[in-house]
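Chemist: this one's structure only:
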Ligand code: NAD
Ligand code: UGA
């Protein structure tokens, strides 16, 4: 029986391994992590991450060919294929701080593999890493062990949160990069054999190592760039009377452009777009490609601009002051169908409003109170360094209350900001909400999900992204 061990039981490691276990009943899959609480949760009925369809997959395989454990060394030493899916957040200090990824977690995983291995291993980079990381990993492994052969593969993950299980079951492509040597190609084939259990052959792409590593950064940069492009257009739409939905629809009908990923919003969030573009920018700078670095950096600048624009609009529309006013925040997760708040635009918007002394009443169907308070008191980039950082700005959190539903959040509020496109916000009883709000009652729809005409008929003053007033 082939044995797979995955180091890192997070948003990628957990769902990815659960799907491999589901589709390959003859492969023994163990997911290991240094976080005891995470592993305990994976072994319970309350999984550590919310992802539609994940519970069912885990329930089907857990205890059969899918296991979660904190005994990292034992399972790594027994495995034939080791996936490394640890976090690679942006560095907060030292060389490259604010741009380069923190590879400490990766390096410590590689050193541990070298320490405990007694048989040949295929080591798979699942985390998103800078180009040439495989070379560094290879060195760490070979310099720290003797008589063991390691093959390093790059197999970046393209799943999106909220649709992870569907994305894993039916991926657009699986990308495998390896050394162009006979042993390297043998390892590529071994990993291909795992995916071929359910992924059609023509969707499994093989490349050299560096192309695979770079393709992941490139894909995220292209995706984020589309959002910044449409968000930049939304500002122009607001200035000219055009409607961004009509513009994206017209632009997206061009088959060369396509209709997906053209929704204007309050800004993109999530743990990866910003981090991976900063990583790309840093690599360009290190290679002396200043203009290329600036080009990609602008994607992030437009995203920051979009979030600021949103806050400015709220404040300026509400007679230039939100001081002491209650504002309801509907949605805190970075997108619907996830409880993940990493780099959510809601953090920047809430901070902006708190800076103007607003009182916030926040409701999100999936994000816990503690998480929201922690997010609002952390420094930028601190969110993914949980081990060594403490909250730094607890004062603002006193102006925040976290509540259990949208009606409570909006009661007696002067304005509503919709920051996540949860389906339940589309079907709220807005007449009831209007009746319980201070007047004039404002709605700032950061996701363009409400029926503007209907809300205006009720009496709301509605601002959408990139749409005429
Ligand atoms: P995560 O923070 O949810 O999970 C990482 C896990 O690794 C944590 O549970 C942590 O405790 C564990 N870990 C860290 N060092 C360890 C070590 N030495 N030994 C054992 N466990 C260790 O991160 P994630 O969202 O799953 O992302 C992982 C990687 O995948 C990142 O590089 C990210 O860029 C990439 N990625 C993420 C997504 C996504 O949707 N979140 C999608 C594609 C790629
Ligand atoms: C993204 C990519 O889509 C995945 O392919 C990739 O694997 C992953 O990053 C990663 O590397 O972590 P994810 O961040 O989970 O996935 O979610 P997306 O659906 O890409 O959304 C990202 C952000 O963009 C969200 O805040 C979303 O609301 C926003 N968005 C998305 C828009 O504002 N407009 C759109 O049209 C699409």
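Modeler: Sure thing, it's come through. Since this is a predicted model, take the numbers as computed values, not measurements. Ligands and ions are numbered 1, 2, ... in the order given.
Chemist: only C-alpha atoms for contact and neighbour calcs from this point on.
Modeler: OK.
Chemist: got the residues of the protein near ligand 1?
Modeler: 7-13, 33-35, 85-88, 105, 108-109, 127-128, 157-161, 272 (Cα under 6 Å from any ligand atom).
Chemist: Among those, which ones lie close to ligand 2?
Modeler: 157-161, 272.
Chemist: ok, so of those, who is nearest residue 233?
Modeler: Of all these, residue 272 has the smallest distance to residue 233: 23.1 Å, by Cα to Cα.
Chemist: ok, back up a step: restricted to buried residues, select the residues of the chain next to ligand 1 in PyMOL.
Modeler: Per 16 or more other Cα atoms under 10 Å, the buried members of these correspond to this PyMOL selection:
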select buried, resi 7+8+9+10+11+12+13+33+85+86+87+88+109+127+128+157+158+159+161+272
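Chemist: For residue 309, which three-state class applies?
Modeler: Here residue 309 is recorded as helix under DSSP: H, G, I helix; E, B strand; the rest coil.
Chemist: That one and residue 405: what is the separation?
Modeler: 27 Å (Cα to Cα, to the nearest Å).
Chemist: and the closest residue to residue 174 other than its chain neighbours, backbone torsions?
Modeler: In space, and not counting its chain neighbours, residue 174 is closest to residue 204: 4.7 Å by Cα to Cα, 6 or more residues apart in numbering. Dihedral pair for residue 204: phi -100, psi 110, per degrees, to the nearest 10.
Chemist: per-residue pLDDT, residue 204?
Modeler: The model reports residue 204 with a pLDDT of 98.
Chemist: same question, residue 71
Modeler: 98.
Chemist: Next: residue 424.
Modeler: Predicted confidence (pLDDT) for residue 424: 98.
Chemist: Can you tell me the number of residues neighbouring it?
Modeler: Neighbourhood size, residue 424 [other Cα atoms under 10 Å]: 10.
Chemist: Would you mind measuring from it to residue 457?
Modeler: Distance from residue 424 to residue 457, by Cα to Cα: 21 Å.
Chemist: Same list as before, the ones next to ligand 2 among the residues of the chain next to ligand 1 that is, but in CSV and with distance to residue 434 and secondary structure included.
Modeler: As requested, these are exported to CSV (distance: Cα to Cα, whole Å; DSSP: H, G, I helix; E, B strand; the rest coil):
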residue, distance to residue 434, secondary structure
157, 44, coil
158, 41, coil
159, 39, coil
160, 35, coil
161, 33, coil
272, 37, coil
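Chemist: can you list those in TSV and add pLDDT?
Modeler: What follows is these, written out as TSV (pLDDT from 0 to 100):
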residue	pLDDT
157	98
158	98
159	98
160	98
161	96
272	96
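Chemist: Do the one helix or strand residue 214 maps to and ligand 2 come into contact?
Modeler: Residue 214 belongs to helix 209-240 when elements are defined using DSSP states H and E. Yes: legend: contact between helix 209-240 and ligand 2 by Cα under 6 Å from any ligand atom is shown at 220, 227.
Chemist: For that helix, buried residues please.
Modeler: In helix 209-240, counting by 16+ other Cα under 10 Å, buried: 209-214, 216-218, 220-221, 224-228, 230-238.
Chemist: Test my guess that residue 148 contacts residue 116.
Modeler: No: counting by Cα atoms under 8 Å, residue 148 sits too far from residue 116 to count as a contact (11.1 Å).
Chemist: ok, now which ones touch whichever residue of the stretch 1-150 of the chain sits closest to ligand 2?
Modeler: For the stretch 1-150 of the chain, the residue closest to ligand 2 is residue 128, as judged by Cα to the nearest ligand atom, at 7.1 Å. Applying Cα atoms under 8 Å, 6 or more residues apart in numbering, one finds that residue 128 lies in contact with 88, 156-157, 213, 216-217, 276.
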